[in-house]
Each structure stands twice: as structure tokens, then as C-alpha cells.
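Q: Following is a predicted model, sequence given first.
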Amino acid sequence: MDGLYRFIEYSGFANFTPLHGVMILVGLLFIFLAIRFEYEPLLLIPIGFGIVIGNIPFMQDAGLQLGIYEDGSVLNYLYMGVVKGVYPPLIFLGIGAMTDFSTLISSPRLMLLGAAAQVGIFLTFLGAIYLGFSPMEAGAIGIIGGADGPTAIFLSSRLAPELIGPIAIAAYSYMALVPIIQPPIMKILVTKKERLIRMKPPRSVSKLEKIIFPIVGILLTAFIAPGSLPLLGMLFFGNLLKESMVTNRLANTARNALIDIVTILLGLTVGASTQADVFLTNDSLLIFMLGALSFMVATAGGIIFAKVMNIFSAKDNKINPLVGAAGVSAVPDSARVVQHEGLKSDPTNHLLMHAMAPNVAGVIGSAVAAGILMSFLM
């Protein structure tokens, strides 16, 4: 009987609380959204399943070394890649190896839209301070406005490791919900006439330009914000592997096997870090609220700046303001949303290639913003 009682005492049923049930339902919701609606399945399925794993209750003081926060557990070792900021640069390496910067190179002015969308980061930073977060915590929360999950994880690992869970979940959740969040903002801010603007096709970019771009890019961004070096160094390195055409094996590994492995580990451990007793707090709710607002502000910032640029542009060189919404870093989902919204107004007006320019510029911009915040706050 003693053995039976001990078995029951150690079981998940004996340690279950309603909060565990809430988080398990959240994890199942993520999995449902990924499978049923295909919202970022490569992210939401690992994160959702990680949430389920992280909220299977067990006796905390039994020395079983099961939880992600228990020293010596397998999950804890895997989670070190998040806490130490190892996984995000590897993700950026893969992104660089699969990204074509041709449109950005051919239309450098569209980079301004990616910069304008980062206004959400700094407004959220101020809002978080107003709500009582410390400056370092506010900096980590603010980066959610860039809609860049790896950057959010990297910065929070440096500024506020205790908030990695809610910040990462918020950042990736809003990345997945781009097709839901952005279209209403576009409808409000972009008129029917503006939606019909046709942009000049991007010029052909030479191989030499493509090779020079990552080299010039790392020199400029790293000198402006050295804190962004781990992220942008890997991004531009991956892009050079792709564009040099002499390291195809390395580029293929970076954009396929490597990024897939890291995405699995990152999603699973970030999800598992949402243990109910750690995750379900008032701070987490505030972070989700601030994240939603910052994402909407970032989208609006890119659109409004595109309209401002049109004031100073020639009649035959206008920018379709829808493209400004792609300034957030959710690559390539924001660009796809722009394409979809543009086709709804004019089935022959394809905006995808134009939207990719501010989209990849947003990735660079959010990493630079993270480096700037680090230089001010650390």
C-alpha cells in the first residue's frame, strides 16, 4: 500500500491544478491553429507541444529532474540554448541563406519602410516603463513590436531572462497571426485609390551587387549597433554563403537541415518554459497586451510612412502604401499578406516582390534596434 500511495503521490493527477489545465488548452489551441488554418505550423506545432510538455504536473521537490527549470534535467540543458542566446543567431544564419536581397538592393528607398515599422518597438518600450517594468524589462518587451521571434528571444536573454517565456510566446504568436492582425489595419489606413497604385518593377541586380551587399551590410550595421553583431553577423554570413555560389553545400545545410533542427529545439523549449506557476502572472498578461499594441503600431507606422514618402515622390514612382505593412519582420508572412490584399483590389497588381524589400529590411531593422537597446540598457 505504501508503494501504491507513493505512486499516486508522484502522478500528474495528484499534482494537477486548474492553471495547468489552462496552459495545456493553450498548447492544444496552438496545435489546432497550426494544423487547421496553417498559421506558422513550423513554429506553432513545436511551441504548442512544448506547452503541453511543460505543463504536465509532477512533484517539484522529488528530485526527478524533469522540469525545464530544474538543474540537470534534459529539458534544462536544451533550454540553455535559449537562455544563453545560442539558437537565435543560428536561426538568422538559416534566414540569411534563404533570403534574396535583390529587391532591396534595386530599391534602397524601401529600406526606410522597414525602419519606420520599428517605431512600434520604441513606443512599446515607453509603454512598458509607464506600466511599471524596469528599463531592461521594458527593452526586452519592446522588441516584440518588431514581430521577430529570434530577435525577441536574443534580447530578452540578455536583458530580462526571467521574461523569456511570455516574450517569446507573444512574439511568435503575433508572427503567426499576421494574416488576422494586419488586414484590418490596412483597410483603415489605405484608400481604394492608393491600393491600385502600380509600382515600377525592380531592376535586375548583378551577381557582384549581391555578393557585395552582405559585406557592406555587416560593416554598416555592426559599426552602428555592435550589439546586433551575433544576429546580423550570422544573417549576412548566411547570405554570402548563398550568393557566392561556391559554398552551395554550406548554404543548403544552413537553410534546410540546420534551421529545421534549431527551430524544433527552440520551439519545443520555449513552449516548455511556460509552466503554469511561472507563466500565468499579471506581467505575462501585460506583455501580451503590449505586444499586440506594438505589432499594430509597427504595421501602421510602415503604412503611414509610405504615404509620407509618396508626398515627395514623382507621379510615376509612387509606393503602394500596402507595401509599408511588410516593414515588420515577420518574413515572409507580412509580404504574403500585402500580396493578398493587393490582389483583392486589383487581380493583376502583384506586390509580393516589392513587399519583400521592406520585409527583409525589417529583419535588419529589428536586429539593429535590439543592438541599440542593449547599448543603452546593459
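A: Yep, that arrived. Numbers count the residues shown, from 1 in each chain.
Q: Val246: how many residues sit nearby?
A: Each residue near Val246 was counted by other CB atoms under 10 Å, and the total is 9. For glycine as for every other residue, the C-beta is placed from the backbone atoms N, C-alpha and C.
Q: ok, now how distant is it from Leu240?
A: 10 Å (CB to CB, to the nearest Å).
Q: Phe295 now?
A: The gap separating Phe295 from Leu240 is 31 Å, by CB to CB.
Q: Longest helix of the chain, counting residues only.
A: Among the segments of the chain that qualify as a helix by DSSP state H, the longest is helix 282-311.
Q: quick one: contacts of whatever helix or strand comes next after it?
A: As assigned by DSSP states H and E, the chain's next helix or strand after helix 282-311 is helix 333-345. With CB atoms under 8 Å, 6 or more residues apart in numbering as the test, helix 333-345 has contacts from 40, 147, 175, 178-179, 182-183, 186, 192, 195-196, 320, 322-323, 325-328, 349-352, 355-356, 359, 362.
Q: can you pull the buried residues of whichever helix or strand comes after helix 333-345?
A: For helix 333-345, the following helix or strand on the C-terminal side (DSSP H and E) is helix 352-377. By 16 or more other CB atoms under 10 Å, the buried positions in helix 352-377 come out as 352-374, 377.
Q: In contact with the residue nearest to the spatial centre of the chain, which residues?
A: Nearest to the geometric centre of the chain sits Asp148, at 2.1 Å (CA atoms, centre = their mean). With contact taken as CB under 8 Å, 6+ apart, Asp148 is in contact with 171, 175, 329-330, 362-363, 366-367.
Q: Check Ala117 too.
A: Counting by CB under 8 Å, 6+ apart, Ala117 makes contact with 146, 298-299, 301-302, 305, 324, 327-328, 358, 362, 365.
Q: What is the nearest of the residues you listed to Ala115?
A: Distance ranking of those against Ala115, using CB to CB, places Gly365 first at 5.0 Å.
Q: could you check the angle helix 352-377 makes with the longest helix of the chain?
A: Interaxial angle, helix 282-311 versus helix 352-377 (axes from the mean of the first three to the mean of the last three CA atoms, to 10 degrees): 130 degrees.
Q: which helices and strands does helix 282-311 pack with?
A: Packing partners of helix 282-311 (3 or more CB pairs under 8 Å, 6 or more residues apart in numbering; DSSP states H and E): helix 111-116, helix 119-130, helix 135-142, helix 164-176, helix 178-189.
Q: the more surrounded of Phe295 and Leu240?
A: Phe295 (29 against 22).
Q: Tell me if I'm right that that one and Val328 touch.
A: Yes: between Phe295 and Val328 a contact is recorded at 6.9 Å, counting by CB atoms under 8 Å.
Q: what touches both of those two?
A: Residues touching both Phe295 and Val328 (CB under 8 Å, 6+ apart) are 120, 147.
Q: Identify each buried residue in the longest helix of the chain, please.
A: Counting neighbours by 16+ other CB under 10 Å, one finds that the buried residues in helix 282-311 are 283-284, 286-288, 290-307, 309-310.
Q: pull the CA atoms of the one helix or strand Thr151 maps to into PDB?
A: Secondary structure assignment for Thr151, by DSSP H and E: helix 149-159. C-alpha atoms of helix 149-159 as PDB (Å, rounded to 0.1, in the frame of the first residue of the first chain):
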ATOM      1  CA  GLY A 149      10.800  35.900 -32.600                       C
ATOM      2  CA  PRO A 150      14.500  35.100 -32.700                       C
ATOM      3  CA  THR A 151      15.500  38.700 -32.000                       C
ATOM      4  CA  ALA A 152      13.000  38.900 -29.100                       C
ATOM      5  CA  ILE A 153      14.500  35.800 -27.600                       C
ATOM      6  CA  PHE A 154      18.000  37.000 -28.100                       C
ATOM      7  CA  LEU A 155      17.400  40.400 -26.500                       C
ATOM      8  CA  SER A 156      15.300  39.100 -23.600                       C
ATOM      9  CA  SER A 157      18.100  36.500 -22.800                       C
ATOM     10  CA  ARG A 158      20.400  39.500 -22.400                       C
ATOM     11  CA  LEU A 159      18.100  42.000 -20.600                       C
END
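Q: How far off centre is that helix?
A: 10 Å (CA atoms, centre = their mean, to the nearest Å).
Q: quick one: average confidence on that helix?
A: Per-residue pLDDT over helix 149-159 has a mean of 91.
Q: just stretch 218-231 next, same as before
A: Average pLDDT, stretch 218-231: 93.
Q: again, but for stretch 331-347
A: Taken as a whole, stretch 331-347 has a mean pLDDT of 91.
Q: Check stretch 37-57 too.
A: Stretch 37-57 carries an average pLDDT of 90.
Q: Keeping just the C-alphas, turn that stretch into PDB.
A: Presented in PDB, the C-alpha positions along stretch 37-57 are these (Å, rounded to 0.1, in the frame of the first residue of the first chain):
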ATOM      1  CA  PHE A  37      -5.500  27.100 -40.500                       C
ATOM      2  CA  GLU A  38      -1.800  26.500 -41.300                       C
ATOM      3  CA  TYR A  39      -0.800  29.500 -39.100                       C
ATOM      4  CA  GLU A  40       3.000  29.200 -39.000                       C
ATOM      5  CA  PRO A  41       2.900  25.400 -38.400                       C
ATOM      6  CA  LEU A  42       6.700  25.100 -38.300                       C
ATOM      7  CA  LEU A  43       6.600  27.300 -35.200                       C
ATOM      8  CA  LEU A  44       3.200  26.700 -33.500                       C
ATOM      9  CA  ILE A  45       3.300  22.900 -33.500                       C
ATOM     10  CA  PRO A  46       6.700  22.700 -31.700                       C
ATOM     11  CA  ILE A  47       5.700  25.600 -29.300                       C
ATOM     12  CA  GLY A  48       2.200  24.100 -28.700                       C
ATOM     13  CA  PHE A  49       3.500  20.600 -28.000                       C
ATOM     14  CA  GLY A  50       6.200  22.200 -25.800                       C
ATOM     15  CA  ILE A  51       3.500  24.000 -23.800                       C
ATOM     16  CA  VAL A  52       1.800  20.600 -23.200                       C
ATOM     17  CA  ILE A  53       5.100  19.000 -22.100                       C
ATOM     18  CA  GLY A  54       5.900  21.900 -19.800                       C
ATOM     19  CA  ASN A  55       2.600  21.700 -18.000                       C
ATOM     20  CA  ILE A  56       2.400  18.000 -17.200                       C
ATOM     21  CA  PRO A  57       2.400  18.400 -13.400                       C
END
